[in-house]
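Peer 1: Sequence and predicted structure are below.
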Amino acid sequence: MTAGRGIVHSEMPAAQGIQKGLQLWINLSSKHKMIEPKYQEIMSKDIAEAAKDGIKVRVIAGEALGTKSPIYTRTPTMYLDFTLKPGAHLQQLIPISWNAFVYILDGEGVFGNSESLPVTAHHLLLLGNGDGLDAWNKSSKPLRFVLVGGEPLGEPVAQFGPFVMNTQEEIDQTIEDYENYINGFEKAKHWRSEATLGLDY
């Protein structure tokens with residue numbers, strides 16, 4: 001979803017019981033903050049996938065193993081879901097100017113160089129400047145992690161609640177627009193999430 005201007009939304013679990021998920025918000029540049037909202041829906045079965053030499057990747061955004069995601073991100077981004085079988089070694093290019101991180105979902109892996117200590121699930125690694133990521137699965141179980149990277153905007157960030165702009169003045173204006181149902185928020189006055197209809201709070 002490209003939030004742009006004037007969008008109100010709700011995100012609720014689709015089913016009962018324990019669910020796990022990752023959510024990523026990518027900042028828009030100042031010149032794009034007030035664009036019309038846009039939504040791209042892709043089913044799990046339609047996410048681009050590739051496999052090679054014990055490595056499987058689901059390409060949510062960006063490109064890996066010669067496979068490109070159909071999802072367009074206005075701010076250049078990569079969001080790659082890797083699974084490495086035992087013994088697999090991954091080399092993934094990352095544009096040298098981008099910020100990037102790895103979040104390990106399952107198993108343990110060695111990142112950076114082959115002599116590094118293994119890192120286990122639920123740890124996050126911030127990557128330094130360079131042209132890519134090396135990862136090894138030296139364990140006996142599969143390793144799964146996401147690699148997320150993006151082009152830095154180099155702009156100031158002002159945030160209040162769900163609103164993200166570049167200055168406090170812009171935040172104040174956005175809150176005023178929301179409270180007065182103007183400048184894109186015209187439909188917010190009567191909007192209710194289907195997921196919350198009939199629920200008591």
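Peer 2: Happy to help now that I have it. Bear in mind that the values here come from a model prediction, so they are computed numbers and not experimental data. Residues are numbered from 1 along each chain as shown.
Peer 1: wouldn't L117 be in contact with V110 here?
Peer 2: Yes: L117 lies in contact with V110 (CB atoms under 8 Å); the separation is 7.5 Å. Bear in mind the C-beta positions are built from the backbone N, C-alpha and C, glycine included.
Peer 1: Between those two, point out the one with more neighbours.
Peer 2: With neighbours defined as other CB atoms under 10 Å, L117 and V110 compare such that V110 has more, 19 against 8.
Peer 1: Do I have it right that the more buried one meets L143?
Peer 2: No: if you go by CB under 8 Å, V110 and L143 don't touch, sitting 9.1 Å apart.
Peer 1: Quickly list what's touching both of these two.
Peer 2: Shared contacts of V110 and L143 (CB atoms under 8 Å, 6 or more residues apart in numbering): A135, N137.
Peer 1: Show the contacting residues for Y79.
Peer 2: L24, I60, A61, G62, S69, V146, L147, V148.
Peer 1: The spatially most central residue of the chain: which element?
Peer 2: Central residue of the chain (CA atoms, centre = their mean): L24, 3.1 Å from the mean position. Using DSSP states H and E, L24 sits within no helix or strand.
Peer 1: need the contact list for it.
Peer 2: Y79, V148.
Peer 1: about what we covered before: can you select the buried ones among the contacts of Y79 for me in ChimeraX?
Peer 2: Entered in ChimeraX, the line below selects the buried ones among those, by 16 or more other CB atoms under 10 Å:
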select :60,61,62,69,146,147,148
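Peer 1: What segments of the chain are strands?
Peer 2: Along the chain, counting by DSSP state E, strands occupy 48-52, 55-61, 63-64, 67-68, 77-84, 89-93, 99-106, 108-111, 119-120, 124-127, 132-136, 143-150, 158-160, 163-165.
Peer 1: quick one, which of those strands is packed in tightest?
Peer 2: A comparison of these by mean neighbour count, using mean count of other CB atoms under 10 Å, puts strand 143-150 on top with a mean of 23.
Peer 1: Counting neighbours, what do you get for the closest residue to V8 other than its chain neighbours?
Peer 2: Leaving aside its chain neighbours, V8 sits nearest to A188 (4.6 Å; criterion: CB to CB, 6 or more residues apart in numbering). Using other CB under 10 Å, A188 has 15 other residues around it.
Peer 1: And stretch 48-57, how far out from the chain middle?
Peer 2: Distance of stretch 48-57 from the chain centroid (CA atoms, centre = their mean, to the nearest Å) equals 20 Å.
Peer 1: pLDDT wise, what is D177 at?
Peer 2: D177 carries a pLDDT value of 88.
Peer 1: ok, it touching I171?
Peer 2: No: checked against CB under 8 Å, the pair D177 and I171 is beyond contact range at 10.7 Å.
Peer 1: Show the contacting residues for I71.
Peer 2: Q40, I42, I60, A61.
Peer 1: wait, what's in contact with the second one?
Peer 2: Spelled out, it's I42. Counting by CB under 8 Å, 6+ apart, I42 has contacts P70, I71.
Peer 1: And it, what's its pLDDT?
Peer 2: Reported pLDDT for I42: 89.
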